[in-house]
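Trainee: show me the folded form of this:
(one chain, ligands or ions: 1)
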Amino acid sequence: MTKIFDDDLDAEFGTRAIHAGQRPDPLSGAIMTPIYQTSTYVQEALGQNKGYEYARGRNPTREALERNVAALEGVRYGFAFSSGMGAIDSIMKLFSAGDHFVVGENVYGGTFRLFDKILSRMGMTFSYVDTRDVNRIAEAMRPNTKAVLVETPTNPLMRLTDLKGAAEAAHAGGALLIVDNTFATPYFQRPFELGADIVWHSTTKYLNGHSDMVGGIVLVNDDDLAARLQFILNASGAVPGPMDAWLALRGTKTLHLRMQRHDENGRTIAAWLAEHLGETNVFYPGLPSHPQYELAARQMRGFGGMISVETGSRERAAQVLGRVRVFSLAESLGGVESLISHPASMTHASVELDRRTALGITPGLIRLSCGVEDVGDLLADLEQAIA
Ligand SMILES: Cc1ncc(COP(=O)(O)O)c(C=O)c1O
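Mentor: Residues are numbered from 1 along each chain as shown. As a prediction, this is how the structure comes out:
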């Protein structure tokens, strides 16, 4: 299993982003970790090898990424997967039929689909609650509850969960707290410092940041959880290829710089939208009008570039989506380029209509992933699209 180097936690965030988990290549001194594009490793003699036997179990490029992101989250172990969904699927293999889970009602549509359509069939049970109120977590706990799973801020409604309160509620019931930190990234939010036991990401998003690969990662600090996850990773095999691991690793080197700009652009655009469309129609935790602004300011170091907007109707949403020129109509988020999407028919289409409506994912809702372009161009684009 991949453990960080002893000095990986010594430096500050930006230095970790660039150096943690990586050493010059032992063969040539190459400063960038090579892409070890290999499926197997030659063994010197029977039972004698350099620690690498077969690339499903270990790959040096993947290990550099795993150590790097573990160090960014401030913990000791990382496990990279072929997608965010591969990551959460492997996390759930820590558990068994008969186990119960308390889940934030507004988690990513794909996470809900995995739980609702596949794992439920295999004997796991799930209670979906509004985790904005941590008392709802405590109320939903059962004797067989093994974990509480939350995402904060949520996709796409930007609702927050008090992570410290959620950890206390989970631990009081003998359960783990599992956090999807994809939206905030470790640059803005550190769930382990607030009591989380497992953190996971879709590396496809901000960690990679360049929209050129799909991947996931799981981080833990506990030795036992790490050993079990390594077993699952090798036994189930949802691992990323070395090229994708390398692309994600190149992305994390600039995470701190990109996040600052996503945040600047996000704040400016959210304020502009609130002024033009009304505060109650703009969902962004960095707006003082956000109902959980105080929690956001306490729990996060910045708010990032994700904003959702209620336009009022599907027609109006379609008009904006059809008119944008700098924002591109596409699923996904967290890249350097700005994207715009329609959650009801795109990312959350797998959530049934009545459930979507109850959550507030209306036909008029659009979601913006503000990139790192010049903010004046982004504002001008939105202005002509909304006019
Ligand atoms: C918050 C969040 N978690 C998890 C995922 C799933 O990740 P992936 O698409 O890499 O499988 C997504 C994808 O959009 C997401 O937005």
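Trainee: for residue 192, what are its contacts?
Mentor: Residues in contact with residue 192 (CB atoms under 8 Å, 6 or more residues apart in numbering) are 73, 74, 75, 199, 219, 221. Every residue, glycine included, has its C-beta placed from N, CA and C.
Trainee: give me the distance between it and residue 118.
Mentor: Per CB to CB, to the nearest Å, residue 192 is found 28 Å from residue 118.
Trainee: for residue 111, same thing?
Mentor: Note on residue 111: its distance to residue 118, by CB to CB, is 11 Å.
Trainee: now residue 46
Mentor: Computed as CB to CB, the residue 46 to residue 118 distance reads 41 Å.
Trainee: higher neighbour count, those two?
Mentor: Taking other CB atoms under 10 Å, residue 46 and residue 118 do not tie; residue 118 has more neighbours (12 against 6).
Trainee: now the more buried one, what are its backbone angles?
Mentor: Taking degrees, to the nearest 10, you get phi -120, psi -60 for the backbone angles of residue 118.
Trainee: get me the contact residues on the stretch 1-150 of the chain for the ligand.
Mentor: 83, 84, 85, 108, 110 (CB under 6 Å from any ligand atom).
Trainee: now for those residues: which two are most distant?
Mentor: Within these, two members stand farthest from each other by CB to CB: 83 and 108, at 11.9 Å.
Trainee: ok, those two, which is more surrounded?
Mentor: When residue 83 and residue 108 are compared for neighbours, residue 108 comes out ahead with 24 against 19, by other CB under 10 Å.
Trainee: pLDDT score for the more buried one?
Mentor: pLDDT, residue 108: 92.
Trainee: residue 180 is in contact with that one, correct?
Mentor: Yes. Using CB atoms under 8 Å, residue 108 is in contact with residue 180, at 6.9 Å.
Trainee: residues shared between the contacts of these two?
Mentor: Overlap of the contact sets of residue 108 and residue 180 (by CB under 8 Å, 6+ apart) consists of 84, 151.
Trainee: for this structure, what spans make up the helices?
Mentor: With DSSP state H as the criterion, the chain has helices at 13-19, 60-73, 84-92, 109-113, 134-140, 163-172, 185-188, 223-236, 242-252, 255-277, 293-299, 314-323, 353-359, 375-386.
Trainee: centre of the chain to the fourth one, how far?
Mentor: What separates the centre of helix 109-113 from the centre of its chain is 13 Å, taken as CA atoms, centre = their mean, to the nearest Å.
Trainee: do you know how far the closest residue to residue 234 other than its chain neighbours is from the ligand?
Mentor: Nearest residue to residue 234 in three dimensions, chain neighbours excluded: residue 57, at 4.7 Å (CB to CB, 6 or more residues apart in numbering). To the ligand, residue 57 is 22 Å away according to CB to the nearest ligand atom, to the nearest Å.
Trainee: which residues touch residue 189?
Mentor: Taking CB under 8 Å, 6+ apart, we find residue 189 in contact with 152, 163, 181, 299, 300, 301.
Trainee: residues touching the third one, list them.
Mentor: Read it as residue 181. Taking CB under 8 Å, 6+ apart as the criterion, residue 181 is in contact with 73, 189, 191, 199, 200, 201.
Trainee: so how far is residue 54 from the second one?
Mentor: To tie it back to what came earlier, the one meant is residue 189. Residue 189 sits 36 Å away from residue 54, going by CB to CB.
Trainee: what does the longest strand along the chain contact?
Mentor: Looking across the chain with DSSP state E, the single longest strand is strand 145-151. The contact list for strand 145-151 (CB under 8 Å, 6+ apart) reads 95, 99-104, 106-108, 111, 131, 137, 141, 161, 163, 166, 169-170, 173-180, 182-183, 198.
Trainee: that one pairs with which strands?
Mentor: In the sheet, strand 145-151 lines up against strand 100-104 (parallel), strand 176-180 (parallel) (DSSP bridges).
Trainee: return the most buried member of the ones you listed.
Mentor: Each of the strands paired with strand 145-151 was scored by mean neighbour count; the highest is strand 176-180, a mean of 26, by mean count of other CB atoms under 10 Å.
Trainee: give me the contact list for that one.
Mentor: So strand 176-180 is contacted by 84, 88, 91, 107-108, 111, 146-152, 163, 166-167, 170-171, 191, 195-202 (CB under 8 Å, 6+ apart).
Trainee: one more time with 7 Å
Mentor: With CB atoms under 7 Å, 6 or more residues apart in numbering as the test, strand 176-180 has contacts from 91, 107-108, 146-151, 163, 166-167, 170, 191, 195-200.
Trainee: returning to that earlier point: widest-spaced pair of the contacts of residue 181?
Mentor: With CB to CB as the measure, no two of the contacts of residue 181 lie farther apart than 189 and 200, at 13.3 Å.
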